[in-house]
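*Asks:* Below are the sequence and a predicted model; questions follow.
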Number of protein chains: 2
Amino acid sequence: MGLRYAVIGTGALGGYFGGKLANAGHDVHFLFHSDYSHVAAHGLKVESVNGNFHLHPINAYQHTADMPTCDVVLVCLKTTSNHLLKDLLPPLLKPTTLVILVQNGLGMEERLAQAFPNISIAGGLGFICASKRGPGLIEHMDYGKLTLGLYKHEERDDNDREAVDQSLLRTVVADFNEAGVESHYSSDLALARWKKLVWNVPYNGLCVVLNSSTDQLMNQPHSLAILRELMLEVIAGARACGHDIDDSFAQAMLDSTRTMTPYAPSMKLDFDFKRPLEIEAIYSNPIQAAAAAGQSLPRIQQLEQQLHYIQSTYLG
Amino acid sequence: MGLRYAVIGTGALGGYFGGKLANAGHDVHFLFHSDYSHVAAHGLKVESVNGNFHLHPINAYQHTADMPTCDVVLVCLKTTSNHLLKDLLPPLLKPTTLVILVQNGLGMEERLAQAFPNISIAGGLGFICASKRGPGLIEHMDYGKLTLGLYKHEERDDNDREAVDQSLLRTVVADFNEAGVESHYSSDLALARWKKLVWNVPYNGLCVVLNSSTDQLMNQPHSLAILRELMLEVIAGARACGHDIDDSFAQAMLDSTRTMTPYAPSMKLDFDFKRPLEIEAIYSNPIQAAAAAGQSLPRIQQLEQQLHYIQSTYLG
């Protein structure tokens, strides 16, 4: 018997990653919001650089109360909707359920652990260019890797439970790899989250504030300098929090971005479609974590403040 | 015999300050650029909260070669045009001529002294809300003070010459006061320039980057926080360079801006009219001066870099 999966928030990430599992024959149950009726009637289409597929029929739901309890819950919501988890999660939970937050940013696992002190939690980082093109239609343009790591409850000291969670998460990693999603088990989720922030902090915010795409920012010396300085500040913040990232990682990120297809980061898409920006997860939480460790991040904070101003002025 | 004045760059500032002197009966000679023919035919109109006046006839010129040598040259160009001074100034100069740079920013006097090692130089800071409304038409909306201070040549050690310059500058201050422009003699030009930067650095740049007016920035908590942090960074830069400004000056600037008529700073007007931005004088030179004194100004630098990006992307 394989694992039973729930996908909460079937947008670009949930549709692609969960869709790949379902397409490989896994038992996956998808929560939809605005797309529910369309998907119930027509299924979910994924147009991927790795090959298109169409999930029809599909286990589609409009409410988690109608869903079965699951072994693994993949939370693919925007972090700005995480306040909904308090109501969304309970119908899906068994004593051993592992909830995986496939989201960018920092501090989401801590907040979930406060609301649900007894559940097992992991984090996921998707390295993927994908977007929802229309109702029930996901486009996957590039990349598609997934890094998964267990969240370690600070106050919980239960080695048996942790061994079970680790084994479960390794099975999830194996399921993804077999389904054609290159996945990696990380033994240091916090480090993985900070490394992803080295990309997300500069590109997401600057693309919004300077109303630009990644390639425009890469091709002008002053914006390139801002990107580099912001990356080095993220690395300084990570280091203050005990997660060692070498400064050379900044240049590696710049180099790899240069080879990417020109691309609007998720926050730029959120801005263009007038959705709330993930400021708290990507900016405020890392700033607070670094500050608690005695490290100020003035450039990141100024960018955060500019984003707050833009959100309240243009999206308010 | 009174002093003979030249005004180089008869825009809002040159038109108002020089116009007040001429209107009070002083011998003032104005260089015009695009407005020359209009002003030669119709004179210069100043619509001021302190009373309108119309200079007609007026000593208007299209080329400094046609102007007489003067005792005082008021340079009211944008700093982005200072490279023109090399050609504009020589016809106006006598051995005792005092050239006063009525401009925002830092470092302009040093650069002029390099190009003209033997002339006497002062700096002027206009605290004024004024703009050019049309050809030969200046509107003066609020304020109108002028602070003038002598530039001290670092390599020149000529007490007699300095005494003459000081006496001349004090006469200029008296001329302005008698002409109805509240003017002050500053014995510390560098300190006066840094104090003005405490306002100019945050408001000019942020109004451009966030496409906003000063009152919009004052009325949102996150932009207000950016303004305050930038002000404190300017003050830290000034202090590193040996010019002591108390941190409380930041709050005083915020408070006085709150009582101002909502207003677009000069850089915002420059951006809206697609003119070059005064990035070097207001941002780069203070950043370099502070860096030479061992003080990094990361927030100001990030704003400077954003302005460069915007200038090259939208005004290029």
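*Replies:* In hand now; what should we look at? Numbers count the residues shown, from 1 in each chain, chains lettered A, B, ... in the order given.
*Asks:* contacts and neighbour counts: CA atoms only from here.
*Replies:* OK.
*Asks:* any chance you could map the helices in chain A?
*Replies:* For chain A, helices defined by DSSP state H occupy the ranges A:12-13, A:19-23, A:36-42, A:85-88, A:108-115, A:159-178, A:189-209, A:214-218, A:221-240, A:248-258, A:266-272, A:279, A:285-292, A:298-314.
*Asks:* from the chain's centre, how far out does the last one sit?
*Replies:* On the basis of CA atoms, centre = their mean, to the nearest Å, helix A:298-314 is displaced by 21 Å from the centre of the chain it belongs to.
*Asks:* For chain A, which residues are neighbours of chain B?
*Replies:* Residues of chain A lying near chain B by CA under 8 Å from any CA of the partner chain: A:209-210, A:220, A:222-223, A:225-226, A:298-299, A:302, A:305-306, A:308-310.
*Asks:* I'd like the distance between A:Ile295 and A:Glu280.
*Replies:* Heads up, residue A:295 is Gln, not Ile. A:Gln295 sits 18 Å away from A:Glu280, taking CA to CA, to the nearest Å as the criterion.
*Asks:* Tell me which of the helices of chain A is the most buried.
*Replies:* Counting by mean count of other CA atoms under 10 Å in any protein chain shown, helix A:12-13 has the highest mean neighbour count of the helices of chain A, with a mean of 26.
*Asks:* Enumerate every residue touching A:Phe32.
*Replies:* With contact taken as CA atoms under 8 Å, 6 or more residues apart in numbering or on different chains, A:Phe32 is in contact with A:Ile8, A:Gly9, A:Thr10, A:Ala60, A:Tyr61, A:Gln62, A:His63.
*Asks:* Could you measure from it over to chain B?
*Replies:* 35 Å (CA to the nearest CA, to the nearest Å).
*Asks:* give me phi/psi at that residue?
*Replies:* Here is the backbone geometry of A:Phe32 (degrees, to the nearest 10): phi -110, psi 160.
*Asks:* do the same with A:Gln103
*Replies:* A:Gln103 has phi and psi values of phi -150, psi 160 when expressed as degrees, to the nearest 10.
*Asks:* Pull the contacting residues for it.
*Replies:* Residues A:Val75, A:Cys76, A:Leu77, A:Lys78, A:Thr79, A:Gly123, A:Gly124, A:Leu125, A:Gly126 are the ones in contact with A:Gln103 under the rule CA under 8 Å, 6+ apart.
*Asks:* which residues does the first one bridge with?
*Replies:* The one in question is A:Val75. Beta-bridge pairing of A:Val75 under DSSP bridges involves A:Ile8, A:Leu101.
*Asks:* Closest one of the residues of chain A next to chain B to B:Met141?
*Replies:* A:Tyr309 (28.2 Å; CA to CA).
*Asks:* Tell me how many other residues surround A:Gly2.
*Replies:* Using other CA atoms under 10 Å in any protein chain shown, A:Gly2 has 11 other residues around it.
*Asks:* Now do it against chain B, distance only.
*Replies:* Here the criterion is CA to the nearest CA. By it, A:Gly2 lies 49 Å from chain B.
*Asks:* can you tell me which residues contact the spatially closest residue to that residue that is not a sequence neighbour?
*Replies:* Nearest residue to A:Gly2, sequence neighbours excluded (CA to CA, 6 or more residues apart in numbering or on different chains): A:His26, at 7.1 Å. Listed by CA under 8 Å, 6+ apart, the contact partners of A:His26 are A:Gly2, A:Leu3, A:Arg4, A:Tyr5.
*Asks:* you'd agree the last one is up against A:Val72?
*Replies:* Yes: counting by CA atoms under 8 Å, a contact exists between A:Tyr5 and A:Val72, whose distance comes to 4.9 Å.
*Asks:* Now, the contacts of A:Gln103 that are in strands?
*Replies:* Filtering the contacts of A:Gln103 for membership in strands, criterion DSSP state E, returns A:Val75, A:Gly123, A:Gly124, A:Leu125, A:Gly126.
*Asks:* Looking at those residues, which one is closest to A:Asn50?
*Replies:* A:Gly126 (15.9 Å).
*Asks:* Can you report how many residues lie near the closest one?
*Replies:* By other CA under 10 Å, 19 other residues sit near A:Gly126.
*Asks:* Look at A:Asp142 and report its pLDDT.
*Replies:* At A:Asp142 the predicted local confidence, pLDDT, stands at 88.
*Asks:* Ramachandran coordinates for the residue nearest to A:Gly2?
*Replies:* The phi and psi values for A:His26, taken as degrees, to the nearest 10, are phi -80, psi 160.
*Asks:* Give me the distance from stretch A:104-113 to the chain's centre.
*Replies:* Between the centre of stretch A:104-113 and the centre of its chain there are 11 Å (CA atoms, centre = their mean).
*Asks:* same question but for stretch A:121-140, I mixed them up
*Replies:* In terms of CA atoms, centre = their mean, the centre of stretch A:121-140 is set 9 Å apart from its chain centre.
*Asks:* Dump that stretch to CSV, keeping only the CA atoms.
*Replies:* Below are the C-alpha coordinates for stretch A:121-140, written out as CSV (Å, rounded to 0.1, in the frame of the first residue of the first chain):
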residue,chain,number,x,y,z
ILE,A,121,6.0,18.9,10.0
ALA,A,122,8.4,19.1,7.1
GLY,A,123,9.3,21.9,4.7
GLY,A,124,9.6,21.7,0.9
LEU,A,125,11.4,24.0,-1.5
GLY,A,126,10.4,23.9,-5.1
PHE,A,127,13.0,25.0,-7.7
ILE,A,128,10.7,25.4,-10.6
CYS,A,129,9.4,27.9,-13.2
ALA,A,130,5.7,27.2,-13.5
SER,A,131,2.5,29.2,-13.5
LYS,A,132,-1.3,28.7,-13.7
ARG,A,133,-2.3,29.7,-17.2
GLY,A,134,-6.1,29.3,-16.7
PRO,A,135,-8.7,27.3,-14.9
GLY,A,136,-7.3,23.7,-14.4
LEU,A,137,-4.3,24.5,-16.7
ILE,A,138,-0.7,24.6,-15.3
GLU,A,139,2.3,25.5,-17.4
HIS,A,140,5.7,24.2,-16.4
